[in-house]
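Student: Fold the following, please.
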Amino acid sequence: MMFLPLFTDQISEGYVILITGLIIVFSALILLSLFFKYALPIMLYIYKVITRRKDKKITEISLKSDRNFTGEIAAAIGAAVHMYMNEQHDHESAILTIKQVKKTYSPWSSKIYGTHNRL
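Tutor: Prediction:
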């Protein structure tokens, strides 16, 4: 009956490892969620104060138009982009050929030269 205390020792050791792992994982998840909920907005506010940059709204952005940019130019640019994207792909035939390769005999992979000496 010497094996019974050893077996219970291994089980209790397994529980300690399990509980420690769960505590580490869940505490890391809690810390990450607290960081993203509270610390990150504070850091972004501090960055905004340091850079003193005002966020622009969409209505505040002025549109600059070029009178020389016509529909023909837009069509030419679109056609050039289309041609460029189509040229990137190789047009290959969909025929797949499989050739059987004859392997030469190699004693290195042979199982008849085992590591056991059978006499």
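Student: any idea which helix or strand comes after the longest helix along the chain?
Tutor: What stands out as the longest helix in the chain, according to DSSP state H, is helix 3-34. Following helix 3-34 in sequence order, the next helix or strand is helix 40-51 (DSSP states H and E).
Student: so what does that following helix touch, helix or strand wise?
Tutor: The helices and strands touching helix 40-51, judged by 3 or more Cβ pairs under 8 Å, 6 or more residues apart in numbering; DSSP states H and E, number zero. C-beta here means a position set from N, CA and C on the backbone, and glycine is covered the same way.
Student: Hey, what's the angle from it to helix 3-34? Just curious.
Tutor: Orientation of helix 40-51 against helix 3-34 (axes from the mean of the first three to the mean of the last three Cα atoms, to 10 degrees) gives an angle of 40 degrees.
Student: Alpha carbons of helix 40-51, as PDB, please.
Tutor: Extracted C-alpha coordinates of helix 40-51, given in PDB (Å, rounded to 0.1, in the frame of the first residue of the first chain):
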ATOM      1  CA  LEU A  40      -6.700  53.500 -22.600                       C
ATOM      2  CA  PRO A  41      -9.200  56.400 -22.700                       C
ATOM      3  CA  ILE A  42      -7.100  58.300 -20.200                       C
ATOM      4  CA  MET A  43      -3.900  57.800 -22.200                       C
ATOM      5  CA  LEU A  44      -5.700  58.900 -25.400                       C
ATOM      6  CA  TYR A  45      -7.000  62.000 -23.600                       C
ATOM      7  CA  ILE A  46      -3.400  62.800 -22.400                       C
ATOM      8  CA  TYR A  47      -2.100  62.300 -25.900                       C
ATOM      9  CA  LYS A  48      -4.800  64.700 -27.300                       C
ATOM     10  CA  VAL A  49      -3.900  67.300 -24.600                       C
ATOM     11  CA  ILE A  50      -0.100  67.000 -25.300                       C
ATOM     12  CA  THR A  51      -0.500  67.300 -29.100                       C
END
